[in-house]
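Colleague: output the structure for:
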Amino acid sequence: MNAWSLLALTAILLVLPLLLRPGRRPPERPRKADEFGPFLLLLWWAIRTYSRLWHGLRFEGWAPLPDGPAILIANHTCCIDHVLIQARCRRVLGFVIARDMYDLPIVHHFCVRSGCIPVDRDGRDLRAMRAALRALEEGRVVPIFPEGRITPEGGRALGPMRSGAAFLAVRSGVPVIPAFISGTPETIEIGPSLRRRSRSRIVFGPPVDLSDFTPSQSADKDALARASERFERALLDLQARSLGRAMREEPAGVGPIP
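Modeller: Just a heads-up that it's a prediction; the model follows:
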């Protein structure tokens with residue numbers, strides 16, 4: 001082997017490891033707080049399948065959520081309302097959820113993974129309100145049930161509005177998207193809600209106009225009452241729309257699946 005051949009071989013042996021070394025992977029884009037990771041994505045597909053097959057939830061388009069933070073208000077009909085709403089949303093939702101449900105052994109794990117916010121049922125939980133405001137500052141969607149309790153009549157009735165949702169909306173200034181749920185199992189128990197079949201429906205509406213409110217009015221009881229009245233009006237409008245659509249699409253005399 002002459003000198004040139006030896007030099008060429010040496011060069012190849014020195015350069016080859018550099019050529020074969022895998023290049024640096026580009027840094028991964030940080031995942032947003034409300035993006036689906038592998039676990040939550042799998043759970044979401046399971047939720048969508050369950051909602052369609054067991055509760056007849058029709059896919060009528062995704063929830064009209066903005067790219068940034070938003071509050072989603074809905075009437076509260078049973079314990080699976082959270083499941084049905086999440087099935088229609090392509091973002092991980094951080095529900096404001098009753099603490100006793102949040103602490104259930106099986107439910108707790110999923111609530112923590114999805115960033116749900118536990119709240120005391122007495123409606124005076126300042127920690128929950130601060131946590132919800134932080135979630136909105138992070139750009140998340142925070143669903144809340146303004147009634148603060150279940151009205152188990154399948155969407156045929158609407159309970160009085162509490163001030164928590166109005167406080168969050170006025171204080172944060174983010175868009176408020178209304179949704180009306182109907183046709184769900186008429187029970188307040190979580191077990192029967194999951195087991196009983198139904199013909200559930202969710203109707204979404206345009207954002208509630210709160211442009212005449214300022215964050216400083218979040219401490220004004222009269223202002224919160226006016227905001228709550230707008231929420232109630234928006235939900236009642238969606239209730240009428242949902243009832244009209246159901247009457248057109250369902251044959252007479254057909255009720256919920258037993």
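Colleague: which residues of the protein fall in strands?
Modeller: With DSSP state E applied, the chain shows strands at 70-74, 96-98, 117-119, 141-144, 176-182, 201-204, listed in chain order.
Colleague: which outside residues touch the fourth one?
Modeller: Put plainly, it is strand 141-144. Defining contact as Cβ atoms under 8 Å, 6 or more residues apart in numbering, one finds that strand 141-144 is touched by 34, 65, 69-74, 82, 85, 89, 91, 93-96, 117, 132, 135-136, 164-165, 168. Any C-beta I mention is one placed from the backbone N, CA and C, and that applies to glycine too.
Colleague: one more: the longest one?
Modeller: Judged by Cβ under 8 Å, 6+ apart, the contacts made with strand 176-182 from elsewhere in the structure are 63-65, 70-77, 81, 84-85, 154-156, 165, 169, 200-205, 207-208, 210, 231, 234-235, 238-239, 241-243, 246.
Colleague: now do the first one
Modeller: With contact meaning Cβ under 8 Å, 6+ apart, strand 70-74 is reached by 63, 65, 81, 85, 89, 93, 136, 141-146, 165, 168-169, 172, 174-181, 202, 208, 231, 234-235.
Colleague: change it to 7 Å
Modeller: Contacts to strand 70-74, defined as Cβ atoms under 7 Å, 6 or more residues apart in numbering, come from residues 81, 85, 141-146, 165, 168-169, 174-181, 231.
Colleague: what's the average pLDDT for that strand?
Modeller: If you average the pLDDT over strand 70-74, you get 98.
Colleague: could you do the second one as well?
Modeller: Per-residue pLDDT over strand 96-98 has a mean of 92.
Colleague: likewise the last one?
Modeller: Summarised as a single mean, pLDDT over strand 201-204 is 95.
Colleague: okay, it in PDB with CA atoms only?
Modeller: C-alpha atoms of strand 201-204 as PDB (Å, rounded to 0.1, in the frame of the first residue of the first chain):
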ATOM      1  CA  ARG A 201     -77.500  16.300  21.700                       C
ATOM      2  CA  ILE A 202     -75.300  19.400  22.100                       C
ATOM      3  CA  VAL A 203     -76.000  22.700  20.300                       C
ATOM      4  CA  PHE A 204     -73.400  25.500  20.300                       C
END
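Colleague: for L42, see how far away R113 is.
Modeller: 11 Å (Cβ to Cβ, to the nearest Å).
Colleague: do the same with G191
Modeller: Counting by Cβ to Cβ, the gap from G191 to L42 is 23 Å.
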